[in-house]
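>>> Everything below, folded, please.
(one chain, ligands or ions: 2)
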Amino acid sequence: MQNLQAQLATIIDDLTKNGYAICEDFLPAHIIKALADQAQKRFIDGKMQAAKTGKATNVQQVIYRHDSIYWLDEHSQNTFTQAYFAQIALLKTALNQQLFLNLHDIETHLAVYPIGGVYLKHLDQLKPLTDAPMPIRQLSSVLYLNDNWHPHEGGELRLHLNAPEYVDILPNAGRLVLFLSAEFWHEVLPATRSRISLTGWFRSR
Ligand code: OGA
Ligand code: MN
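Residues are numbered from 1 along each chain as shown. Ligands and ions are numbered 1, 2, ... in the order given. The predicted structure is shown next:
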C-alpha cells in the first residue's frame, strides 16, 4: 500500500495525462468493509431508494439503471463515513491546488446493484435546465466495496475512451476510479453477484 502523498501524485499525473485515474487501497480494508456492511444493512432494511433515471417513451419505460441508492451526509456521525469524507477532502485539496479544478463540494451515495443489474451507457455531467447558477459535476469518483471480487463475476465499469477503445475496470474493494464527468461515457456491466459502490461527484459552482 502506497502512502497517501504518493497516491495523490499518481492520481494527479494520470488525470492530467488521461482524464481518468485508478487508485488502489484508497482507504484501509477495515473501513472499506464497514462501509460495505453499512450498505448491505441499509439495503436489507429497505432504507435505500431505487435510483431514478428512466425515460418514458410512448412504447414503454426504458430503465437505465437498476441500483438502489442511499445519499451520504458529509456531517454524518458514523466513523467510517467520516473517514471516507476526510480522505475525499484531502483529495479535493490536492486536485484544487495542482489541477486548478475549483471543486467545492462532493455529493455521494452508496449504491447496491442486484445480480444482473446494469447502468446503461451515460454521461454524469447533466445539462443545466435553466440559466440559474447551479453546481456542476466536474469529476466523477467511484469507490468499490466488494471483497474478493473475481474477474468471471463481471460487473465491470466500462469507461469509453476514443471509440472504439474502452477500459473495463473490476469493482474490487478499495479501488477508486476518477474521471472527468463531462468527457467520459461509461456504463456498468451485469454481474453474477450483487455489487456495492460509493459514488461521488465533485462539483464546482
Ligand atoms: C454512476 C456510475 C459507476 C459504477 O453511479 O453514475 O456510473 O461503477 N457508477 O458504479
Ligand atoms: Mn455514472
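>>> When you work out contacts or count neighbours from here on, use the C-alpha atoms and nothing else.
Will do.
>>> Can you tell me how far Arg65 is from ligand 1?
Shown here: Arg65 relative to ligand 1, a distance of 9 Å by CA to the nearest ligand atom, to the nearest Å.
>>> and what of Gln125?
Counting by CA to the nearest ligand atom, the gap from Gln125 to ligand 1 is 9 Å.
>>> Same check on Val118?
9 Å.
>>> same question, Leu4
On the measure of CA to the nearest ligand atom, Leu4 and ligand 1 end up 23 Å apart.
>>> Spell out which parts of this structure neighbour ligand 1.
Listed as neighbours of ligand 1 in the chain under the rule CA under 6 Å from any ligand atom: Asp124, Leu157, Glu187, Val188, Ser197, Thr199.
>>> can you list those in JSON lines and add distance to Gln7 and neighbour count?
Listed next are the residues of the chain next to ligand 1 as JSON lines, based on distance: CA to CA, whole Å; neighbours: other CA atoms under 10 Å:
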{"residue": "Asp124", "distance to Gln7": "24", "neighbour count": "19"}
{"residue": "Leu157", "distance to Gln7": "21", "neighbour count": "20"}
{"residue": "Glu187", "distance to Gln7": "25", "neighbour count": "21"}
{"residue": "Val188", "distance to Gln7": "25", "neighbour count": "24"}
{"residue": "Ser197", "distance to Gln7": "20", "neighbour count": "27"}
{"residue": "Thr199", "distance to Gln7": "19", "neighbour count": "22"}
